[in-house]
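Asker: Predicted structure and sequence below. I'll ask about it afterward.
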Amino acid sequence: MTDFFSVFGLQPRPVIDTAVLNDLFATRSKTAHPDHAVNADFVELNEAFRTLSDPVRRVGHLLALIGNANLAEKTSPEINRWFGPVATIVQKFDRALQPLARENRALIRAVKIEEMQSIVSELDEVSGYLSTEQERLLRELVDIDERWPTNMASVQPSLARIAADLRFIQKWLAQMGERRLRFEELL
């Protein structure tokens, strides 16, 4: 397994400075790009950048590097409680959007758009709560990173849980963002 941290000369840890990573990627991609280098592995460089840029993938990679890739990634109760509300609002949105997308008559279309505004508000509200939860988890990741060098073994289960929680939040926020975009395209 390639150590993506070492590709950029970074210390393996839960949090990295993304500005530094971006600068390192820009510099290395100039010399590793197939147009400029003979043997450089541009694909590996890109994969390392994508992995280290995403907190979920970075933590998963870190755990794999230290031999705990199979650490149970059970979501927290705080995240588990969002499964129902997210599924409910997504289904409600999809049911309302389908007839709106098929409607050709301007007056009926305007009425359906007006009716859908409350659903869009609910979608935005749930997205806001999830974004707040995401920020909380990222702060928790920073706290773990501060203890990382001295408590690597004891914080690994927390790291795995944070990665699992963030994975679901990212997925849900992407789903809701896509639906919001589909609605806006119909306006």
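Answerer: All right, it came through fine.

Asker: contacts and neighbour counts: CA atoms only from here.
Answerer: Noted.

Asker: quick one: average confidence on the one helix or strand Gln98 maps to?
Answerer: In the assignment (DSSP states H and E), Gln98 maps to helix 83-102. For helix 83-102, mean pLDDT rounds to 94.

Asker: which helices and strands does the very next helix or strand once past it pack with?
Answerer: Later in the chain than helix 83-102, the nearest helix or strand by DSSP H and E is helix 106-186. Judged by 3 or more Cα pairs under 8 Å, 6 or more residues apart in numbering; DSSP states H and E, the packing partners of helix 106-186 are helix 55-65, helix 77-80, helix 83-102.

Asker: returning to what we had before: please name every helix or strand in contact with the helix holding Gln98.
Answerer: Using 3+ Cα pairs under 8 Å, 6+ apart: helix 83-102 touches helix 106-186.

Asker: and the angle for the helix it packs on with helix 55-65?
Answerer: 40 degrees (axes from the mean of the first three to the mean of the last three Cα atoms, to 10 degrees).

Asker: residues in contact with the nearest residue to Ile113 once chain neighbours are set aside?
Answerer: Distance criterion Cα to Cα, 6 or more residues apart in numbering; nearest residue to Ile113, sequence neighbours excluded, is Leu100 at 7.2 Å. Shown in contact with Leu100 (Cα atoms under 8 Å, 6 or more residues apart in numbering): 109, 112-113.

Asker: quick one: buried residues of the helix holding Gln98?
Answerer: Judged by neighbour count using 16 or more other Cα atoms under 10 Å, the buried positions of helix 83-102 are 86, 89-90, 92-93, 96-97, 100-101.

Asker: Tell me which residues touch Val120, please.
Answerer: Val120 makes contact with 93, 180, according to Cα under 8 Å, 6+ apart.

Asker: Report the separation between it and Leu137.
Answerer: Plainly put, Val120 is 25 Å away from Leu137 if you go by Cα to Cα, to the nearest Å.

Asker: How about Ile144?
Answerer: 10 Å.

Asker: Between the two, which has more neighbouring residues?
Answerer: It is Ile144, of Ile144 and Leu137, that has more neighbours when counted by other Cα atoms under 10 Å, with 21 against 17.

Asker: In contact with that one, which residues?
Answerer: Neighbouring residues of Ile144 by Cα under 8 Å, 6+ apart: 14, 155, 159.

Asker: And the pLDDT at it?
Answerer: 95.
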